[in-house]
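S.K.: Pasting the sequence and the predicted model now:
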Amino acid sequence: MIHLVFSIVISGVAACLVLDLWQQLLKRGMGIPTSNWAVVGRWFLRIRRVKTMYQPTIDAEPPETNELRVGWWVHYAVSVGYAVVFYMLMVVVPVFKPSLFDGLIFGALSVAVPWFYFMPCVGKGVMAHHTATPVKACCVALANHLVYGVAMAMTMGLVV
């Protein structure tokens, strides 16, 4: 059991590292900014105080103590959560295999979370509709999640 938990955590962390490296490549090669984990941390820290996940003005809110650190922790914790989901869909309800194709499918499905949950919660609208470049924002999110999904499938195949 400990080996299984460790394997799932390693898969989540490794896939998240690949995503972070991918975002750095996009930033350096194409000037596409990386995800702002400070805002994620600010949003997460404020949930308890404001009693809602819907915080459409979060970008304009004053910084919270340790928001960047919390944002990074949330980012990696969510990734481990995704690893649990992938494992469940690979072993418990065997829909996925640790393959390139299934990783792409998982990544494509997982982009629903930012498109339909996180972006609306932080005032960006469904599928970034309230941003200056919604198509670009959605394409970047999709590309990020495809890379992440493949990394998840490959690392899960190696460690589980």
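M.R.: In hand now; what should we look at? Numbers count the residues shown, from 1 in each chain.

S.K.: after whatever helix or strand residue 28 lives in comes which helix or strand?
M.R.: Using DSSP states H and E, residue 28 sits within helix 2-30. Toward the C-terminus, helix 2-30 is succeeded by helix 37-50 as the next helix or strand (DSSP H and E).

S.K.: Determine the set of other helices and strands touching that following helix.
M.R.: Helices and strands touching helix 37-50, by 3 or more Cβ pairs under 8 Å, 6 or more residues apart in numbering; DSSP states H and E, are helix 67-87. In this view, the C-beta of every residue, glycine as well, is placed from N, C-alpha and C.

S.K.: ok, and what's touching the helix it packs on?
M.R.: For helix 67-87, the external contacting residues (Cβ atoms under 8 Å, 6 or more residues apart in numbering) are 8-9, 11-13, 15-16, 19, 35-42, 44-45, 64, 96, 106, 110, 148, 152-153, 156, 160.

S.K.: Now with 6 Å, please.
M.R.: With Cβ atoms under 6 Å, 6 or more residues apart in numbering as the test, helix 67-87 has contacts from 8-9, 11-12, 15-16, 37-38, 40-42, 44-45, 106, 152, 156.

S.K.: what's the angle from it to helix 37-50?
M.R.: 90 degrees (axes from the mean of the first three to the mean of the last three Cα atoms, to 10 degrees).
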